[in-house]
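Participant: here's a sequence, model it:
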Amino acid sequence: MNVTAAERREKLNLFNVAEAARWLDLSGLRIYRDIRAGYIPKPKVQLGKRHYYRESELQNLNNYYRRESKNEHENKKNGN
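Facilitator: As a prediction, the model looks like this:
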């Protein structure tokens with residue numbers, strides 16, 4: 001089964017790490033680093049040799065990074 005990148009994103013709602021980074025407005029290196037450090041989960045859906053995030057997982061990652069950003073802002077404000 002051959003699926004184009006557009007079909008994978010639009011019909012299957014699956015995103016690779018680079019696409020997830022763009023969707024989250026982060027660098028791909030940040031995502032890979034956070035996966036390796038265990039801060040965020042690895043993509044779970046496998047198509048061929050590659051792994052992909054579901055759109056619902058991207059929402060969870062977005063919530064995580066928004067909380068992290070808010071915490072960093074509050075720490076700087078409090079001098080920590």
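Participant: just the CA trace of stretch 42-61, in CSV.
Facilitator: Provided in CSV are the C-alpha atoms of stretch 42-61 (Å, rounded to 0.1, in the frame of the first residue of the first chain):
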residue,chain,number,x,y,z
LYS,A,42,7.9,8.3,20.8
PRO,A,43,5.5,8.2,17.9
LYS,A,44,3.5,5.0,18.2
VAL,A,45,2.0,4.3,14.8
GLN,A,46,4.2,2.4,12.4
LEU,A,47,3.9,2.5,8.6
GLY,A,48,6.7,0.6,7.0
LYS,A,49,9.9,1.5,8.8
ARG,A,50,8.7,4.9,10.0
HIS,A,51,6.7,6.0,13.0
TYR,A,52,4.1,8.6,13.2
TYR,A,53,2.1,10.7,15.7
ARG,A,54,-1.7,10.7,15.6
GLU,A,55,-3.3,14.2,15.6
SER,A,56,-4.7,13.5,19.1
GLU,A,57,-1.1,12.9,20.3
LEU,A,58,0.0,16.2,18.8
GLN,A,59,-2.7,17.9,20.8
ASN,A,60,-1.3,16.3,24.0
LEU,A,61,2.2,17.4,23.0
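Participant: check which helix or strand residue 32 maps to.
Facilitator: helix 28-37 (DSSP states H and E).
Participant: list the contacts of that helix.
Facilitator: By Cβ atoms under 8 Å, 6 or more residues apart in numbering, the residues outside helix 28-37 that reach it are 17-18, 20-21, 24, 40-42. Yep, even glycine has a C-beta here, placed from its N, CA and C like the rest.
Participant: for this protein, which spans come out with low pLDDT?
Facilitator: 1, 73, 76-77, 80 (pLDDT under 70).
Participant: and after the longest strand belonging to the chain, which helix or strand comes next?
Facilitator: Longest strand of the chain, by residue count under DSSP state E: strand 50-54. Sequence-wise, the next helix or strand downstream of strand 50-54 (DSSP H and E) is helix 55-77.
Participant: and for residue 61, the neighbour number?
Facilitator: Residue 61 has 20 neighbouring residues, counting by other Cβ atoms under 10 Å.
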